[in-house]
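# dropping the sequence and predicted coords here.
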Amino acid sequence: MKKSPIFILTGTPASGKTSVSKALLARYAFGIHIPVDVLRGLVISGESNPIGSWDEETDRQFRLARDSAAKIASTYAQAGFTVVIDDVIFPDMIAHHYDKALAAFEVHKILLRPSIAATISRNKARKIDVDNAQLEKIIQPIYDHFATFNLHKLEKSGWYIIDTSSYSIEETVSELNAQIGSYPE
C-alpha cells in the first residue's frame, strides 16, 4: 500500500486549522485529523496550560504531544490514511519536532495566515472549551511571532501559505489543493 501524504497545518489560534483540516480530509477516502492540543488535553493530572504562563513543564508536554502526533501520523499514513497534524507551531520548530520522525513520508507544510482582525473576529465567534478572552491575549503575540518569518523564503522552501482572511473553509481547501497540485488522488 502506498504511503499517504501528511499535512502539517499551522497558524495562530483561530486561523482555521481545525475547520480546514476536517474539510481537507473529507476529500479523501481515508483521513485522520491529529490536533496537538487534543493530545495535550489528554493529560488528566498535571496539565501545564500555556495560556498565562509558559515553563519547562509546558515545553515538555508540548514535546510529548508532538512526538505522539508524529508517531500517530506515521502509523496512519503507512496504513493509507491521509493525515493532518493540526498544531500551533512556528516554522523554525518543525524540523526539530517533525522532520526526522516523518522523513519517510511526503509532508506538506501549510501556514494559514489570515489578518489579525479576521483572526480575532473568528476567535470571538468560536465555541471552545477555552476562555476566548484569555486566548485573545496570546493571539497577538503569536501572530506577531509568525510575522517575523520571511514568507517568501518559506514558500521557496516548500511551504504553502494562504491568507484566509476572505476565504470560506471550502475556498481555503480549494486554494490549498490548487497550490499543492494533484490532491486528493
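Thanks, I have it. Since the model is a prediction, treat every value here as computed from it, not as a measurement. Numbers count the residues shown, from 1 in each chain.
# quick one: contacts for Val88?
Contacts for Val88 (CB atoms under 8 Å, 6 or more residues apart in numbering) come out as 10-13, 17, 36-37, 142. Backbone N, C-alpha and C define where each C-beta goes, glycine included.
# which residues are in contact with the lengthiest helix in the chain?
The single longest helix within the chain, with elements called by DSSP state H, is helix 56-78. For helix 56-78, the external contacting residues (CB under 8 Å, 6+ apart) are 1, 3-6, 32, 34, 36-37, 39-40, 43, 46-50, 83, 85, 87, 89, 97-98, 101-102, 104-105.
# hmm, back to that, adding pLDDT, neighbour count and secondary structure, write the contacts of Val88 out as TSV.
Formatted as TSV, the contacts of Val88 follow (pLDDT from 0 to 100; neighbours: other CB atoms under 10 Å; DSSP: H, G, I helix; E, B strand; the rest coil):
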residue	pLDDT	neighbour count	secondary structure
Thr10	97	23	strand
Gly11	96	25	coil
Thr12	93	27	coil
Pro13	91	21	coil
Lys17	95	26	helix
Val36	98	21	helix
Asp37	93	18	helix
Ile142	92	17	helix
